[in-house]
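K.L.:
Provide a 3D model corresponding to the input given below.
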Amino acid sequence: MKKLMMVMLALVTLAACSPGGKKLTIEPYKLSEKERQLIQRTGVFSIDYFEINGHLDDADLQFSVVVYEDGKLKEELLKMYGMLDASFKNELISFGMFETKNGEEKQQFTLEVGTPGGSLGSSTYETGMTASVYGALIDNKVTLEKEQPLYLAGWAGTTKDVIPTLRGENGQLPENLASYERALLLKVLWTVEK
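P.N.:
Purely as a prediction, here's the structure:
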């Protein structure tokens, strides 16, 4: 009986320790000073890094950049999917922008998204905004829920003289999204869709 109890305890412990597809977490990645210096020399004006851990059992992880205008969803600019049955251990996700000015001195940039499945870049995106903010929308480790979008970072702009900071709570859609004429957000979705 004692051996049977030991075997049962071992099985329960192993089951509890296996990834099992029950949990996916994302948290901000803290750059070392050397990493920070290297990135500053790349020309990226804003970039955030995140770590993802967990396992997808018969599900997919989708990354997209969504565009909001005056607080309403307008379009999905970029979308990457197809990471079926993948395991993640300290894998990096990044969202950044290369800013340039066109011949008329209007703000424009190229979006860059790095995921465990590869990188994704956009063509030049002209904003027409005179003021903008950029920032991460998560501060701590966040557990993804199936079919619930998580917003990791974003850019928002306006043609007005005053602009509020872009803040989300634990990756939720920022409440003050209607304060901006345009916003671009990096969205992650753990979904059973294939």
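K.L.:
In terms of helix, strand or coil, where does the spatially most central residue of the chain fall?
P.N.:
Central residue of the chain (C-alpha atoms, centre = their mean): residue 152, 3.5 Å from the mean position. When classified by DSSP: H, G, I helix; E, B strand; the rest coil, residue 152 comes out as strand.
K.L.:
swap in residue 138?
P.N.:
coil.
K.L.:
And it, how far from residue 186?
P.N.:
Per C-beta to C-beta, to the nearest Å, residue 138 is found 11 Å from residue 186. All C-beta spots, glycine's among them, are computed from the backbone N, C-alpha and C.
K.L.:
Show me whatever sits in contact with both of the two.
P.N.:
Applying C-beta atoms under 8 Å, 6 or more residues apart in numbering, one finds that residue 138 and residue 186 are jointly contacted by residue 152.
K.L.:
For the residue nearest to the centre of the chain, which non-adjacent residue is spatially closest?
P.N.:
Closest residue to residue 152 in three dimensions, ignoring its sequence neighbours and counting by C-beta to C-beta, 6 or more residues apart in numbering: residue 186, at 4.7 Å.
K.L.:
Please identify the pairing partners of the helix or strand containing that neighbour and their relative orientation?
P.N.:
Using DSSP states H and E, residue 186 sits in strand 182-191. If you go by DSSP bridges, strand 182-191 pairs up with strand 60-69 (antiparallel), strand 150-158 (antiparallel).
K.L.:
quick one: the strands in the protein?
P.N.:
Counting by DSSP state E, the chain has strands at residues 24-28, 46-55, 60-69, 72-80, 87-101, 107-115, 118-121, 125-126, 131-136, 142-144, 150-158, 182-191.
K.L.:
what's the shortest one packed up against?
P.N.:
Right, strand 125-126. Applying 3 or more C-beta pairs under 8 Å, 6 or more residues apart in numbering; DSSP states H and E, we find strand 125-126 packed against strand 107-115.
K.L.:
what residue ranges in the chain are flagged as low confidence?
P.N.:
Counting by pLDDT under 70, the chain shows low-confidence ranges at 1-21, 84-85, 100-107, 123, 193-194.
K.L.:
Relative to the whole chain's centre, how far out is stretch 147-154?
P.N.:
6 Å (C-alpha atoms, centre = their mean, to the nearest Å).
K.L.:
Going by neighbour count, list what's buried in it.
P.N.:
149, 150, 151, 152, 153, 154 (16 or more other C-beta atoms under 10 Å).
K.L.:
Now for these: which two are most distant?
P.N.:
Maximum pairwise distance in the buried residues of stretch 147-154, criterion C-beta to C-beta, is 13.4 Å, between 149 and 153.
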